[in-house]
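[1] What follows is a predicted structure for the sequence shown.
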Amino acid sequence: MDKESGVKRLALTLLVGLGLLAGVAGCGFQLRGQAQLPFESAHVEAAPGSILAPALRDALSSQDKLAPRLEGAAVRIRLAEESRAKNILALSGGGKVREYRLTYRVVMTAQDPGGKDLSAPAEILLTRDYSYSDTAILAKQAEETSLYRAMEQDALRQVLRRLSYIRR
């Protein structure tokens, strides 16, 4: 009897799993995928030391949309005012830092070869809060680095999404 109930349980689990799979497939769900860019090529301009510019160039290059020079590019993408900030969010009763707020900001503009704006300047402002402890300094530094990296990836996705809506 024990072996028979195990087989029944397995059959029921498989049946429920197949039912869920059919439901998800039937609802039209699909992964977001990569943003399709409506231009042939783009050139990225940014200040030296920009964190987002190399990632944006890599993303454009993976779609064969990166122009090595401004001449011949259908779109000029400017990344300006890129900055990071770390502010104290909360203090303990003893005056020690308990929480920080990390901020990542970049302003993006897109122009045609003649200098006409293809989209309004867009400010991307991302914030993340995290708790801090003097007893785990290395772990909190690693968490801060990870949060900044995640914000940069999120900013890159937002830039690509905005670029996908450019009208020529």
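    Perfect, thanks for sending it. This is a predicted model, so every value here is computed, not measured.
[2] Now the residue lying closest to residue 166 once chain neighbours are set aside: which helix or strand?
    Closest residue to residue 166 apart from its sequence neighbours, by CB to CB, 6 or more residues apart in numbering: residue 118 at 4.7 Å. For the C-beta atoms, the positions are set from N, CA and C on the backbone; glycine is no exception. If you go by DSSP states H and E, residue 118 is part of strand 117-131.
[3] quick one on the thing from earlier: hang on, isn't the residue nearest to residue 166 packed against residue 74?
    No: at 9.5 Å, residue 118 does not count as touching residue 74 under the criterion of CB atoms under 8 Å.
[4] Tell me, how many residues neighbour residue 153?
    The number of residues packed near residue 153 is 12, by other CB atoms under 10 Å.
[5] ok, it - contacts?
    Going by CB atoms under 8 Å, 6 or more residues apart in numbering, residue 153 touches residue 55.
[6] Tell me which residues of whichever helix or strand it is part of come out buried.
    Here residue 153, judged by DSSP H and E, is contained in helix 137-163. By neighbour count on 16 or more other CB atoms under 10 Å, the buried set for helix 137-163 is 140, 143-144, 147-148, 151-152, 155-156, 159-160, 162-163.
[7] Tell me where the chain is predicted with low confidence.
    For the chain, the stretches with pLDDT under 70 are 1, 24-35, 167-168.
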